[in-house]
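Chemist: quick one: sequence and predicted model below, then my questions.
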Amino acid sequence: MDKSILKVAVIDMNNGAPNQGMRGIQEILSRFKTDNHIDLQFDIFDLRQKAEIPGMEYDVYISSGGPGSPVESEGEKWENDFFQLLDQIEAFNTVNKEEKKYAFLICHSFQLACRKYKLGKVTERRSNAFGIFPITLTKDGEKEEVFEGISNPFYSVDSRDWQVISPDFEAFEAKGAKLLAIEKERKHVNLERCMMSIRFTDEIIGTQFHPEADPIGMKMYLLQEEKKKLIIDTHGEAKYLDMLNSLDDPKRIVLTQSVILPNFLNKAIGKFQEA
């Protein structure tokens, strides 16, 4: 294989729903290609709506967030295809010591993987979480290459009706998985903090939050009357205005977007160059 070419499969889990995440992923890939002077090629697979699934000819797989329940899809063909792809990536990496394939799972994809590997309880939240929130790295997270250059806590866009709680650490140990980040501490709320990032294997990592989110996309969301009302009703007008004002803060989502997925891609590139 020509190591100067990086082939990326982007799996669209949005089921046709309008979103900013896919644009964010594509912008990061295009910027990474330019910044690193490499021949990066990517293809998009509309999995839930069109049953499109990539084959094993790609070096990197990025699977997006998406709407709806990550539980009700159990047994559906598209979900089985997704799980089979994860199994194929793991099997490939087991027998190939030099060349590896990498996967990054975002939000809905992350929740599905947690259910597949039985690492915790996938449950519906009492209320929708939407906004820019602090996220806490664990000790393993502080040593994680993908988070190198990030602060602790760091800020990211969180948008979900579901969550993964109650980590099963026996399952983590059996899998060789590591819990990298958890939800911010809420001293006045008697609710369990959910898992925000897991390294499933040496080559497969996932986040509950959206590392692809950028100020442009987030501002488009925040200015929608429905989202504005939701945040003000849940958190108050001061919190809403703080979110708007923080969009261009270089220490918040600008930093997160510039660090996490590029670090993931850098890890893949480094492995290819070593091979």
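Modeler: It's in.

Chemist: show me what contacts K116?
Modeler: By Cβ atoms under 8 Å, 6 or more residues apart in numbering, K116 lies in contact with F83, L86. C-beta coordinates here come from the backbone N, C-alpha and C atoms, glycine included.

Chemist: if you count neighbours, what's buried in whatever helix or strand it lives in?
Modeler: In this assignment (DSSP states H and E), K116 forms part of helix 108-117. Within helix 108-117, the residues scored as buried using 16 or more other Cβ atoms under 10 Å are H108, S109, F110, Q111, L112, A113, C114, R115, Y117.

Chemist: how close does the closest residue to the last one other than its chain neighbours get to F200?
Modeler: What it means is Y117. By the measure of Cβ to Cβ, 6 or more residues apart in numbering, the closest residue to Y117 outside its immediate chain neighbours is K175, 5.6 Å from it. To F200, K175 is 7 Å away according to Cβ to Cβ, to the nearest Å.

Chemist: any residues in contact with both of the two?
Modeler: Shared contacts of K175 and F200, counting by Cβ under 8 Å, 6+ apart, come down to Y117.

Chemist: downstream of the helix holding K116, the next helix or strand is which one?
Modeler: strand 121-137.

Chemist: if you count neighbours, what's buried in that following strand?
Modeler: K121, V122, A129, F130, G131, I132, F133, I135, L137.

Chemist: quick one: the helices in the protein?
Modeler: 21-36, 47-50, 77-95, 108-117, 139-142, 169-175, 215-222, 225-235, 237-246, 253-274 (DSSP state H).

Chemist: quick check, pLDDT for S159.
Modeler: For S159, the pLDDT comes out at 77.

Chemist: typo on my end, D249
Modeler: Value listed for D249 in the pLDDT field: 83.

Chemist: equivalent analysis for the one 3 residues further on, please.
Modeler: Note on R252: pLDDT of 90.

Chemist: show me what contacts it?
Modeler: I132, Y155, S246.

Chemist: now those residues as a markdown table including distance to A103?
Modeler: Formatted as a markdown table, the contacts of R252 follow (distance: Cβ to Cβ, whole Å):
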| residue | distance to A103 |
| --- | --- |
| I132 | 26 |
| Y155 | 24 |
| S246 | 30 |
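
Chemist: let's have these in a markdown table, adding distance to K100 and pLDDT.
Modeler: Formatted as a markdown table, these follow (distance: Cβ to Cβ, whole Å; pLDDT from 0 to 100):
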| residue | distance to K100 | pLDDT |
| --- | --- | --- |
| I132 | 33 | 84 |
| Y155 | 30 | 93 |
| S246 | 37 | 81 |
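
Chemist: nearest to E226 among those?
Modeler: Nearest to E226 among the contacts of R252, counting by Cβ to Cβ, is I132 at 17.3 Å.

Chemist: circling back: got a pLDDT number for the residue nearest to Y117?
Modeler: Taking K175 on its own, its pLDDT is 96.

Chemist: give me the number of residues near it?
Modeler: 16 (other Cβ atoms under 10 Å).

Chemist: contacts only, for it.
Modeler: Y117, L119, F200, T201.

Chemist: pick out the most distant pair among those.
Modeler: L119 and T201 (12.0 Å).

Chemist: shared neighbours, those two?
Modeler: In contact with both L119 and T201: K175, A177, using Cβ under 8 Å, 6+ apart.

Chemist: which one's more surrounded, these two?
Modeler: L119 (23 against 19).

Chemist: quick one: L230 from E124, how far?
Modeler: 16 Å.

Chemist: so where's the protein shaky on pLDDT?
Modeler: 1-4, 127-129, 185-191, 271-275 (pLDDT under 70).

Chemist: residues in contact with the residue most central in space within it?
Modeler: Nearest to the geometric centre of the chain sits I106, at 2.4 Å (Cα atoms, centre = their mean). Each residue near I106 by Cβ under 8 Å, 6+ apart is listed here: G21, I62, S63, S64, G65, G206, T207, H210, P211, E212.

Chemist: again, but for Q20
Modeler: Contacts of Q20 by Cβ under 8 Å, 6+ apart are A213, D214, I216, G217, M218, M220, Y221.

Chemist: and it, how far is that from E142?
Modeler: Q20 is 29 Å from E142, by Cβ to Cβ.

Chemist: what of S151?
Modeler: For S151, the distance to E142 - Cβ to Cβ - is 11 Å.

Chemist: same deal with V60?
Modeler: With Cβ to Cβ as the criterion, V60 and E142 are 24 Å apart.
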